[in-house]
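Asker: model this:
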Amino acid sequence: MILPVLQYPDERLRRKSQPVDEITDEIRELASNMLETMYDEEGIGLAAPQVGHFIRMIVIDISPCYETEEGNVEDNGEPPMPMVLINPELSFSGATVKSEEGCLSVPNSYRATVPRREKVSLKALSLDGDPIELEADGMLAICLQHECDHLDGKLFIDYISRLKLNLYKASLRKLVKA
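Answerer: Residues are numbered from 1 along each chain as shown. Sure, this is the predicted structure:
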């Protein structure tokens with residue numbers, strides 16, 4: 001089932017999410033619905049708070065970023081996709097890099113360049129309750145940081161300058177009036 005995605009400036013996007021205590025059939029169904037929603041919206045990641053569930057769960061599938069012109073997916077050395085991550089925790093390393101990002105919760109297809117860490121270490125649980133540990137860099141590291149920010153009530157636009165944010169807000173106001 002495709003779920004409605006909360007849109008900025010909805011204040012619910014600022015809520016901090018709670019850990020998942022038990023992986024139930026309802027959690028598995030939510031994960032499935034989140035993946036369906038992410039694919040329908042043509043995204044590469046989605047956090048539970050974006051669909052109104054304030055738990056620490058994210059889904060990611062960056063394989064569309066590695067599709068060839070023939071529609072095949074290049075082997076990029078990343079873990080199998082899609083990923084469902086319960087209670088993810090990140091540790092950061094490496095230099096700060098600039099990343100152009102957009103978000104399913106930020107309307108008007110707005111994109112901006114934001115600073116992210118080059119590498120992350122992830123600890124999480126799978127939908128089966130098995131521990132997941134991995135090192136990530138590149139697109140996966142950036143996507144993990146972006147989605148985990150949602151769990152703490154942060155959006156990528158929180159990293160842009162006040163001037164760029166005000167310009168974005170002005171464009172949203174014009175869009176609403178149109």
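Asker: Which pLDDT does the model give the most centrally placed residue in the chain?
Answerer: Centroid check for the chain by CA atoms, centre = their mean gives residue 147 as the closest residue, at 2.9 Å. In this model, residue 147 is scored at 98, pLDDT.
Asker: got the contact list for it?
Answerer: Taking CB atoms under 8 Å, 6 or more residues apart in numbering, we find residue 147 in contact with 45, 46, 47, 58, 60, 88. To be clear about C-beta, it is placed using only N, CA and C from the backbone, and glycine gets the same treatment.
Asker: For the fourth one, grab the count of nearby residues.
Answerer: Read it as residue 58. 28 (other CB atoms under 10 Å).
Asker: And what about it, helix, strand or coil?
Answerer: Of the three states, residue 58 takes strand under DSSP: H, G, I helix; E, B strand; the rest coil.
Asker: Next one: it relative to residue 134, how far apart?
Answerer: Distance, residue 58 to residue 134, by CB to CB, to the nearest Å: 14 Å.
Asker: Over to the last one?
Answerer: In this structure, residue 88 lies at 11 Å from residue 134, with CB to CB as the measure.
Asker: shared neighbours of these two, anything?
Answerer: Common neighbours of residue 88 and residue 134 (criterion: CB under 8 Å, 6+ apart): residue 122.
Asker: neighbour count winner among the two?
Answerer: Comparing residue 88 with residue 134 by other CB under 10 Å, the one with more neighbours is residue 88, at 21 against 15.
Asker: Pairing partners for whichever strand or helix holds the more buried one, with directions?
Answerer: Assigned by DSSP states H and E, residue 88 falls within strand 83-101. Sheet pairing here is set by DSSP bridges, and for strand 83-101 it gives strand 57-60 (antiparallel), strand 112-125 (antiparallel).
Asker: how far out from the middle of the chain is it?
Answerer: How far strand 83-101 lies from its chain's middle: 10 Å, per CA atoms, centre = their mean, to the nearest Å.
Asker: Cool, thanks, talk later.
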